[in-house]
Structures are given as structure tokens and as C-alpha cells.
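Undergrad: Build the 3D model from these lines:
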Amino acid sequence: MDKKTCWIVIFLSLAVNVVMLQWTVEAYFGLEYERVYLFTSIACLSVLAALAAFFRWRNLEYKEKK
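TA: Next comes the predicted model:
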């Protein structure tokens with residue numbers, strides 16, 4: 001995975017997080033509690049993907065400068 005792909009993964013996972021936050025709030029206020037857990041778990045997986053892509057990007061970025 002090159003640096004450009006890392007940035008694409010980071011931005012896509014952040015976009016997924018924004019959508020999941022909106023859907024989680026709507027599900028909570030709509031009293032659909034089973035969906036709250038689903039959307040929250042999807043958001044957590046998206047955060048893990050963003051973190052993994054960030055650390056991969058950081059590793060690639062600073063390996064080149066040495």
C-alpha cells in the first residue's frame with residue numbers, strides 16, 4: 001500500500017464515521033437500540049482501519065526521509 005492509498009483509506013474511513021454517527025443518533029432517537037450497536041461497531045472498525053492506514057503512511061513517509 002503506497003502513501004496515496006493510505007490517504008484514500010483514511011478519508012474514506014472518516015467519511016464512514018460521519019455517516020455512522022448520523023445513523024447512530026437517528027437510531028437512538030428513533031428507539032431502534034439494536035441498530036445503535038450495529039452502527040457503533042461499524043464506526044469502531046472504521047476507526048481501526050484509519051489508524052492502521054495512518055501508521056502505515058507514517059512508516060512509509062519517514063522511511064523515505066532517512
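Undergrad: Which helix in the protein has the most residues?
TA: The longest helix of the chain (DSSP state H) is helix 33-65.
Undergrad: And that helix, what's buried?
TA: 36, 39-40, 42-43, 46, 49-50, 53, 56-57 (16 or more other Cβ atoms under 10 Å). No exception for glycine: its C-beta is placed from N, CA and C like everyone else's.
Undergrad: could you dump the residues you listed to JSON lines with distance to Asp2?
TA: Shown next, in JSON lines, are those (distance: Cβ to Cβ, whole Å):
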{"residue": "Val36", "distance to Asp2": "37"}
{"residue": "Phe39", "distance to Asp2": "31"}
{"residue": "Thr40", "distance to Asp2": "31"}
{"residue": "Ile42", "distance to Asp2": "26"}
{"residue": "Ala43", "distance to Asp2": "26"}
{"residue": "Ser46", "distance to Asp2": "21"}
{"residue": "Ala49", "distance to Asp2": "16"}
{"residue": "Ala50", "distance to Asp2": "17"}
{"residue": "Ala53", "distance to Asp2": "11"}
{"residue": "Arg56", "distance to Asp2": "10"}
{"residue": "Trp57", "distance to Asp2": "9"}
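Undergrad: what ranges of the chain fall below the confidence cut-off?
TA: Counting by pLDDT under 70, the chain shows low-confidence ranges at 64-66.
Undergrad: cutoff 90 now
TA: Along the chain, segments meeting pLDDT under 90 span 1-2, 61-66.
Undergrad: what's the closest of the buried residues of helix 33-65 to Ile8?
TA: Within the buried residues of helix 33-65, proximity to Ile8 (Cβ to Cβ) peaks at Ala53, which comes in at 8.5 Å.
Undergrad: And the nearest residue to that closest one once chain neighbours are set aside, how far from Ala15?
TA: Spatial nearest neighbour of Ala53, chain neighbours left out: Val9 (4.0 Å); criterion: Cβ to Cβ, 6 or more residues apart in numbering. Val9 sits 11 Å away from Ala15, going by Cβ to Cβ, to the nearest Å.
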